[in-house]
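*Asks:* Curious how this folds, go ahead:
(4 chains)
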Number of protein chains: 4
Amino acid sequence: MLVVMRHDATEQDIESVVATIREMGYEARPMPGKQRTAIGLVGNDGKVNADRIEAQSGVLEIIHVSQPYKQVSREWRDEATVVTLDNGTQIGAGEVSVMAGPCSVEGEAQIIGIAHRLRDHGATILRGGAFKPRTSPYSFQGMGEAGLKLLARAREETGLAIVTEAIDSESLDLVAQYADIVQIGARNMQNFSLLRRAGRAGKPVLLKRGMAATVKDLLLSAEYILAEGNPNVILCERGVRSFDTHTRNLLDLTAIPVVKSLSHLPIIADPSHGTGLRAKVIPMARAAVAAGADGLMIEVHPDPERAMSDGAQSLYPDQFGELMEQIAVIATAIGTRMVPPVAAGQGAGAAG
Amino acid sequence: MLVVMRHDATEQDIESVVATIREMGYEARPMPGKQRTAIGLVGNDGKVNADRIEAQSGVLEIIHVSQPYKQVSREWRDEATVVTLDNGTQIGAGEVSVMAGPCSVEGEAQIIGIAHRLRDHGATILRGGAFKPRTSPYSFQGMGEAGLKLLARAREETGLAIVTEAIDSESLDLVAQYADIVQIGARNMQNFSLLRRAGRAGKPVLLKRGMAATVKDLLLSAEYILAEGNPNVILCERGVRSFDTHTRNLLDLTAIPVVKSLSHLPIIADPSHGTGLRAKVIPMARAAVAAGADGLMIEVHPDPERAMSDGAQSLYPDQFGELMEQIAVIATAIGTRMVPPVAAGQGAGAAG
Amino acid sequence: MLVVMRHDATEQDIESVVATIREMGYEARPMPGKQRTAIGLVGNDGKVNADRIEAQSGVLEIIHVSQPYKQVSREWRDEATVVTLDNGTQIGAGEVSVMAGPCSVEGEAQIIGIAHRLRDHGATILRGGAFKPRTSPYSFQGMGEAGLKLLARAREETGLAIVTEAIDSESLDLVAQYADIVQIGARNMQNFSLLRRAGRAGKPVLLKRGMAATVKDLLLSAEYILAEGNPNVILCERGVRSFDTHTRNLLDLTAIPVVKSLSHLPIIADPSHGTGLRAKVIPMARAAVAAGADGLMIEVHPDPERAMSDGAQSLYPDQFGELMEQIAVIATAIGTRMVPPVAAGQGAGAAG
Amino acid sequence: MLVVMRHDATEQDIESVVATIREMGYEARPMPGKQRTAIGLVGNDGKVNADRIEAQSGVLEIIHVSQPYKQVSREWRDEATVVTLDNGTQIGAGEVSVMAGPCSVEGEAQIIGIAHRLRDHGATILRGGAFKPRTSPYSFQGMGEAGLKLLARAREETGLAIVTEAIDSESLDLVAQYADIVQIGARNMQNFSLLRRAGRAGKPVLLKRGMAATVKDLLLSAEYILAEGNPNVILCERGVRSFDTHTRNLLDLTAIPVVKSLSHLPIIADPSHGTGLRAKVIPMARAAVAAGADGLMIEVHPDPERAMSDGAQSLYPDQFGELMEQIAVIATAIGTRMVPPVAAGQGAGAAG
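*Replies:* Numbers count the residues shown, from 1 in each chain, chains lettered A, B, ... in the order given. Predicted coordinates:
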């Protein structure tokens, strides 16, 4: 940690900071410069109360040299985290896995029909919202537990694993009961109570990046889940807010290699929410794989024109099929490959 | 609502959109142009399922002419909402009210001591966090219910009203029991479950703008609270994320007159979180009043250098006193005035 | 064009807007709604003075349905623009071309040495700055015309085409004399005088997106060049400003398919400036190709540790070689291929 | 300067950085930590080539403790810069000066008529564009030198000083001939050639902040002007790009106290461009004065509904009069006052 003093800080200000650092049990190393003095704090064990120093007279700013997160960091654990699901899909093991499905579960025929088609194209995980966080209180809010039951039926029939979103503590307990992966959405990325509960839910967690969250914020939110004892966290880049409205969000694909250098956790991309436009989903899904993503989350609807939500960004099933073929080649180009498909015979007992 | 067609949309595409609009029970009014056709939807009652149209072939975009929110809108109710607290403070009635206090409740001497000084300088509402949402799981998380009890003691002694933050459904029930105003923080602005619960809590709600929330998003979140039957919502501008790190956040004071033209709800500003720097709090507090804010939320600590959180942005009590004098003059300059102070004799029985 | 009236606009306001539209020679089509009236302007020929209507009493906002640019638009010309250089490289013809080289020309050995290595790895265009726009007046500002002469020497020896930046009218005339492509940098994207001059320079122009420019702004700036009679414009995505400082800029790869749907101009990506970090250049270069970019601009330095500028984001020549192999496979995966290399025998007379 | 090493940097990496620092003539002070080593560079005289160190193996990042600008800094010169115009107006001397007028000069009656009204309300500087940088090549581009001549006529008649924009080297020479203050617009804030030329123009310069410029970028651009020997620079906050489109730009008023603490240069605010909406100009102008601005730039048009540009954000003359009264009171509230008006008898010979 480096304490940068104002250029007009007095000798007394400097001595007072040095004294505070020593009082806290660390070593202080002043570095006088032409413009100002900086004071190095040596021996930082991650427990320094920087607020106490920052508020002192003559202090310009505190520069943190260590990262504020720990368990999610590659400096804590270098080996990649691999999340393994009941149907055999591994996320983070160097292969590309695909989660696909409609924005919302709308009914039995819809979800089971699409699940079969997605499995045929090579997806191994089915997405579908039962609890929907909507910006307007007057929008469709999801089928609730009935939706979860339909997802479980789809898993039984197809062998696909299930990922679906929890939006509060009540829905989290329900989701954890039915799903293979509990999703925490972008708007709840800093709902710390929900993160803690997800950390105790006993299921892998898919954590989406918030719309104004830095990569550091995202990793700190993941840290909440790991701190409760759940190591199975998958991060998801889904676009951030931008001044340009040509797309719904600005998909920050560089976050993928950045996360991979800072953390051992797997990271996937969601180009459906990241762009909000069907025609842009395919190129950006390809780009995410080329950038090194561990997987993709893609909205596919059997009949997008009649979808109850997000129809304009949902792929037609045939488009999804073409996309899967293209990304398989790209995966090979960069020395990886697609997660093996769920065996056609699987399903029925698969969810057991 | 206006449906803008792509320039290469076919006659059939246009007819299909027109047919869909009519099928939904509205009137369609095509407007052919040099570059493309747009189709007006006439008779929008706020229940149009735009997703269904947006997903159709040939549609470029949907432009909403009506606002998606209702009860919070000036178009729904023109008269300003006035929130009246037990100690007589009115927010939204054209006077400037001030909420002040430390970031966190740290102990009895701290909170009661500062409460007296704040009341002497003219604040009528005491802030202080008992439940703290922190980006790191390893930071101080607040005193919990013990903190709430100390706040209640401070109210008893001084007659100040209490505002404090709830971070989940458990803490919300507790906070509603002790506080005069329940605060929903920026990170929970789109925690829709919490908003709903706040709508049923029976206490006024202070709703802070999220770091990447548009004014429209903020009003939609307030709509969640009003939709549950709670009309007493106070909005708070506290800075948004920006590319410039010279301040912690970018305080968007223009949001104040913008909210006032769109909504009847009162709006205050929090220049402490909005800037993150003690020396910038005073000019920006003045600016907020000059821009027409209904009030301010200011962090003041008896000893900022020893604060357990946010010390660097907390004012010294004397600075707060000077600020109060300056804004009183500015209030007069723009034809308003400060909320009358709590009578010195008040307190003790005041909270009853 | 749609004129949206305020909800409290009077009948007289509405009639006045209708009268103004008719006075201007267009048809007005009022659309009364539940909340407010909107008035369609029919027959827009792109010459409507919207400012005049926007300033009228009762007007809430003007919504433009047509795009403000013309010649750059796919609606004006559907066929892709192909820029053909003297050495045979075609940009925009469906193949991936690569511009590579150091940030700055630093000397003869440096630029000619690296040019040979880049050609051997398949680049066909050499980049290198002779005039450098630097945020600080005290940073290295480039070799000027001496640098241009060295670039011309490198072209003679290797057959590579030359792209280099012009920063004002003086340097533009010089650059146009020596280079195959004149680069306009991000900071000059809205230097309209320079754009006009580039439109008359008789050389293809590489136009970089500004740090806060929307795609619409970028296309309008390109329109300035086409409006002067120069159709050979190549756009370049190089990252925009963001709240997250984990990378120097936020590379907006979605802009690639967005530009391709709106315009016939080719677009390339610059992951070196887009990320600012050597280790992120390779994955993002791959991602750009997967997203459909017509080419790449990559900083490569023979000895990055001793570069006079941008050393930390420059690839080592061997890394560049590996990158070229990977993107060749990705190009194939999406049905395109790399631009054919410059024949090894080429050079010497090639630039003639 | 602090060199932060990666956590996996080797002893050899660290020694190599230390050796490089010493080779450059500075002292190196390694600070080993739990997670990583940081190396302090002591004796920085502002000429360190950080690029050379940043590119070395094992280096994570360089943290600059000194500011990259010099002459504009309060650390270089603590006393406030005061810009004095021929008509006696002083900017930066602790009073509030107001520049007002139409977006564009449109004709003699318009500009001279409005100039009289503005002077009567207390403005001392007349604004009006003769050269207009427009995002579209098809928009009105200004009257050119004819407009400058009309501005000079208005000065002769009223005694107001003139501020008007230069957009390239040709127009800069002309503007410097006619105007009292040469304006560099937001889009040219990093047109470094133009800044240099403005530094040699012999007239005060008004430098507007770019739409994505940090305060540091703005100060570095001002440094270009001072470095050419022109100390008379006035900075201007006019809003930055934001994700929220409720206003044209996001007016960053906190930049005012931030600039004042970092630099001795005066700073004014332009709430007309900063908001883009007439109804928001008045509250934000008041807020700017309350935040400590040295002045304001306000668009006022005699007939906004017929303005050739920016009509929707231009005040009516009467609104301007009310605004001037309000800010005079606010100025008093914070211990300052308005610049004295130009004497009514002044004019005619005033510009001599």
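*Asks:* looking at chain A, which helix or strand does the model trust least?
*Replies:* The weakest-scoring helix or strand in chain A, judged by mean pLDDT, DSSP states H and E, is helix A:50-54 (a mean of 82).
*Asks:* just to confirm, which helix or strand has A:K34 in it?
*Replies:* Using DSSP states H and E, A:K34 sits in no helix or strand.
*Asks:* Pretty sure it sits against D:S66.
*Replies:* Yes - here A:K34 reaches D:S66: they are 7.0 Å apart, a contact under C-beta atoms under 8 Å. In this view, the C-beta of every residue, glycine as well, is placed from N, C-alpha and C.
*Asks:* Settle it for me: which of these two has more neighbours?
*Replies:* Just comparing A:K34 and D:S66: by other C-beta atoms under 10 Å in any protein chain shown the higher neighbour count belongs to D:S66, 20 against 12.
*Asks:* Quick one: neighbours of the spatially closest residue to the more buried one that is not a sequence neighbour, just the number.
*Replies:* Spatial nearest neighbour of D:S66, chain neighbours left out: A:Q35 (4.5 Å); criterion: C-beta to C-beta, 6 or more residues apart in numbering or on different chains. If you count neighbours by other C-beta under 10 Å, A:Q35 ends up with 19.
*Asks:* Now do the contacts for A:Q35.
*Replies:* A:H7, D:N44, D:V65, D:S66, D:Q67, D:E75 (C-beta atoms under 8 Å, 6 or more residues apart in numbering or on different chains).
*Asks:* where do the strands sit along the stretch 201-350 of chain A?
*Replies:* Taking DSSP state E, counting those that start in this stretch as the test, the strands found in the stretch 201-350 of chain A are A:205-208, A:233-237, A:267-269, A:295-299, A:337-338.
*Asks:* now the second one, how far from the centre of its chain.
*Replies:* Pointing back at strand A:233-237 there. 2 Å (C-alpha atoms, centre = their mean, to the nearest Å).
*Asks:* One more: stretch A:184-199?
*Replies:* 11 Å.
*Asks:* Show me the shaky parts of the stretch 201-350 of chain A.
*Replies:* A:344-350 (pLDDT under 70).
*Asks:* quick one on the thing from earlier: would you tell me which of the strands of the stretch 201-350 of chain A gets closest to chain C?
*Replies:* strand A:267-269 (10.0 Å; C-beta to the nearest C-beta).
*Asks:* before we move on, the earlier item: quick check: what element follows the least confident helix or strand of chain A along the chain?
*Replies:* Assigned by DSSP H and E, the successor of helix A:50-54 is strand A:59-63.
*Asks:* What residues of that next one count as buried?
*Replies:* For strand A:59-63, the neighbour count (16 or more other C-beta atoms under 10 Å in any protein chain shown) marks A:V59, A:L60, A:I62, A:I63 as buried.
*Asks:* quick check, nearest of the residues you listed to A:M297?
*Replies:* A:I63 (36.3 Å; C-beta to C-beta).
*Asks:* Give me the neighbour count for the nearest residue to that closest one once chain neighbours are set aside.
*Replies:* Spatial nearest neighbour of A:I63, chain neighbours left out: A:L2 (4.2 Å); criterion: C-beta to C-beta, 6+ apart. By other C-beta under 10 Å, the residues close to A:L2 number 21.
*Asks:* Might one say that A:L2 is in contact with A:V42?
*Replies:* No - contact between A:L2 and A:V42 fails when scored by C-beta under 8 Å: they sit 10.4 Å apart.
*Asks:* Could you confirm whether the strand or helix carrying A:Q12 reaches chain B?
*Replies:* Here A:Q12, judged by DSSP H and E, is contained in helix A:11-23. No - Helix A:11-23 stays clear of chain B (C-beta under 8 Å from any C-beta of the partner chain), getting no nearer than 8.8 Å.
*Asks:* Which element is encountered next along the chain beyond that helix?
*Replies:* strand A:27-32.
*Asks:* Neighbouring strands - and their directions - for that next one?
*Replies:* According to DSSP bridges, strand A:27-32 forms sheet pairs with strand A:37-42 (antiparallel).
*Asks:* can you dump the C-alpha coordinates of the strand it pairs with into PDB?
*Replies:* Output of strand A:37-42 as PDB, limited to C-alpha atoms (Å, rounded to 0.1, in the frame of the first residue of the first chain):
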ATOM      1  CA  THR A  37       6.400  12.500  -0.600                       C
ATOM      2  CA  ALA A  38       4.900   9.000  -0.800                       C
ATOM      3  CA  ILE A  39       5.000   6.500   2.100                       C
ATOM      4  CA  GLY A  40       5.200   2.800   1.400                       C
ATOM      5  CA  LEU A  41       3.400   0.500   3.900                       C
ATOM      6  CA  VAL A  42       5.400  -2.700   4.100                       C
END
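*Asks:* Give me the average confidence score over that strand.
*Replies:* Averaging pLDDT along strand A:37-42 yields 85.
*Asks:* Now for the nearest residue in space to A:P30 that is not next to it in sequence: which residues touch it?
*Replies:* Closest residue to A:P30 apart from its sequence neighbours, by C-beta to C-beta, 6+ apart: A:I39 at 5.0 Å. Contact analysis of A:I39 by C-beta under 8 Å, 6+ apart lists A:L2, A:V3, A:M5, A:I14, A:V17, A:V18, A:I21, A:A28, A:R29, A:P30, A:M31.
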